[in-house]
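Trainee: generate coordinates for the sequence data below:
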Amino acid sequence: MDELARLYRVRFTDAERARKDAIWRVLCERFFQRYVPPDATVLDLACGYGEFMRHIKAGRKIAVDLNPETRSLLPPDVEFHQTDAANLPIDSASVHVCFSSNFFEHLPSKTRLDQVLQESLRVLRPGGLYVCMQPNLRYAPGEYWDYYDHVLPLTHLSCQEAFRKAGFEVIELIDRFIPFSTASRLPQAPWLVRLYLAFRPAWRLLGRQFVLVARKPAPRPAWRLLGRQFVLVARKPAPGPGSVRDQGGPSNDSS
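Mentor: Predicted coordinates:
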């Protein structure tokens, strides 16, 4: 764990972390918040320095990371667990939204990714979402390997297949979203980031990361599986204005 903390101290200076945090504020406010209801329980897997947790609005925030320095960097409203994302100390079916950013490429194998996705499926409520953002090997084949701890190669399509294999329904897939890293050509000023997000054609030019949104299927009622008969309910219309009875027409009343 100390090795992980040392690597990230080398990779990100204080100035770079501050710049990342400002960018993540805009990403959360202008894009990711749409997937997280304000009263939801959200789980951030491999939360890093907590940029997403700081700026997303949610009823309950849970963060997981192996870096021992993470706890001291998170806001007080975040529940932190220093643990493996494949073995979560979280109740089953208790989370509305799982989130991760630039996480899967650090895993040692596809078997490990399968385990992480199965564990995420366990803690999500039926109908809950997993929202992930990942560098896309298809559009950044060289840059992808410029980081010492990048191990697992993934494109948007291979990641989609992994989610489906785990039992998720993939409901949205954006193959080009933002540039490869905060050191890339993404505009740094918050107002420029807002413009970039609003102008989707720019994503096709600069995007090197993908966004995938997957849903945990809700159980189908037994009758949807076994039912072979139907039920029909019909209603006799009530007399409306302008009917013969309303106009004093013939009646069965002999008086």
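Trainee: now for Ala189, how many residues are close by?
Mentor: Ala189: 12 surrounding residues under other CB atoms under 10 Å. Every C-beta, even on glycine, is put in place using the N, C-alpha and C of the backbone.
Trainee: ok, Gly50 next?
Mentor: Using other CB under 10 Å as the criterion, Gly50 is surrounded by 22 other residues.
Trainee: surely it meets Pro76?
Mentor: No. Applying CB atoms under 8 Å, one finds Gly50 not in contact with Pro76, separated by 11.5 Å.
Trainee: longest helix anywhere in the protein?
Mentor: Secondary structure assigned by DSSP state H gives helix 14-30 as the longest helix of the chain.
Trainee: buried set for that helix?
Mentor: For helix 14-30, the buried set under the neighbour-count rule, 16 or more other CB atoms under 10 Å, comprises 17, 19-20, 22-28.
Trainee: and if you look at stretch 155-166?
Mentor: Neighbour-count burial for stretch 155-166, counted by 16+ other CB under 10 Å, picks out 155-156, 159-160, 162-163, 166.
Trainee: the longest helix of the chain packs against which elements?
Mentor: Using 3 or more CB pairs under 8 Å, 6 or more residues apart in numbering; DSSP states H and E as the contact criterion, the elements in contact with helix 14-30 are helix 51-55, helix 190-198.
Trainee: so how far is Val26 from Gln118?
Mentor: Per CB to CB, to the nearest Å, Gln118 is found 33 Å from Val26.
Trainee: where do the helices of the stretch 151-255 of the chain begin and end?
Mentor: Secondary structure of the stretch 151-255 of the chain (DSSP state H, counting those that start in this stretch): helices at 156-166, 190-198, 201-206, 222-226.
Trainee: need the ones you listed in CSV (columns: mean pLDDT).
Mentor: Putting the helices of the stretch 151-255 of the chain into CSV (pLDDT from 0 to 100) gives the following:
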stretch, mean pLDDT
helix 156-166, 98
helix 190-198, 92
helix 201-206, 94
helix 222-226, 63
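Trainee: and of those helices, who's closest to Arg112?
Mentor: Ranking these by their distance to Arg112 (criterion: CB to CB) puts helix 156-166 first, at 11.1 Å.
Trainee: rewinding a little: tell me the mean pLDDT for the longest helix of the chain?
Mentor: Taken as a whole, helix 14-30 has a mean pLDDT of 86.
Trainee: what angle do that helix and helix 190-198 make?
Mentor: 50 degrees (axes from the mean of the first three to the mean of the last three CA atoms, to 10 degrees).
Trainee: next one: helix 14-30 to chain centre, how far?
Mentor: Shown here is helix 14-30, whose average C-alpha point lies 18 Å from the average C-alpha point of the whole chain (CA atoms, centre = their mean, to the nearest Å).
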